[in-house]
Each structure stands twice: as C-alpha cells, then as structure tokens.
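Below: sequence and its predicted model.
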Amino acid sequence: MDPKQRKNIHVGLKVAVVQKQDQPTGKVTEGIVMKLLTNSTVHPHGIKVMLESKIVGRVVSIIQD
C-alpha cells in the first residue's frame with residue numbers, strides 16, 4: 001500500500017514515520033496511528049500522522065503484522 005495516499009492510512013494502523021528533525025538522516029520511528037494530520041488525499045512526502053506516543057511524522061511505510 002502506498003503511504004503517500006491518505007486512503008491507505010487509518011487510526012490503529014502500525015506504521016513507520018520520519019520526524020521533521022530526522023529528515024536529513026532518514027531515521028524512522030515505528031508506532032500506531034492515533035490521528036491523521038494531513039487533509040489532502042495525496043502528499044508527495046507521505047501523510048503526516050500523530051502516533052499513540054504523541055510523535056508527529058510523515059508515514060514512509062506501512063508495517064504489515
């Protein structure tokens with residue numbers, strides 16, 4: 001599933017995100033989506049979400065369990 005399309009992201013989904021301060025290094029953080037912050041249907045850098053741990057970042061991949 002494409003993490004750049006909002007329709008593929010939903011609350012409760014396990015994802016990997018890149019936080020703004022980690023964009024230069026590409027360091028990813030895994031977590032469960034608590035809230036979707038991007039309103040557009042597609043975003044070229046990934047959909048911005050808030051994880052249950054309150055971390056905000058753009059989804060770079062969806063983790064299949």
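Noted; the coordinates are in hand.

What helix or strand is the residue nearest the centre of the chain located in?
The chain has residue 59 as the residue nearest its centroid, 2.4 Å off, counting by Cα atoms, centre = their mean. Under the criterion of DSSP states H and E, residue 59 resides in strand 56-62.

Surely the residue nearest to the centre of the chain touches residue 15?
Yes. Counting by Cβ atoms under 8 Å, residue 59 sits close enough to residue 15 to count as a contact (4.9 Å). (Each C-beta comes from the backbone N, C-alpha and C, glycine too.)

where's the closest residue to the residue nearest to the centre of the chain other than its chain neighbours relative to residue 18, distance?
Leaving aside its sequence neighbours, residue 59 sits nearest to residue 3 (Cβ to Cβ, 6 or more residues apart in numbering; 4.2 Å). Per Cβ to Cβ, to the nearest Å, residue 3 is found 11 Å from residue 18.

Check the contact lists of these two and give me the overlap.
46, 60 (Cβ atoms under 8 Å, 6 or more residues apart in numbering).

and the nearest residue to residue 19 once chain neighbours are set aside, what pLDDT?
In space, and not counting its chain neighbours, residue 19 is closest to residue 57: 4.3 Å by Cβ to Cβ, 6+ apart. At residue 57, the model reports a pLDDT of 98.

and residue 57, what are its bridge partners?
Judged by DSSP bridges, the bridge partners of residue 57 are residue 49.

Please determine how far it is located from residue 36.
In terms of Cβ to Cβ, residue 57 sits 12 Å off from residue 36.

quick one: common contacting residues for the two?
Common neighbours of residue 57 and residue 36 (Cβ under 8 Å, 6+ apart) are 48-49.

measure the residue nearest to residue 59 to residue 47 for me?
Distance of residue 3 to residue 47, given as Cβ to Cβ: 7 Å.
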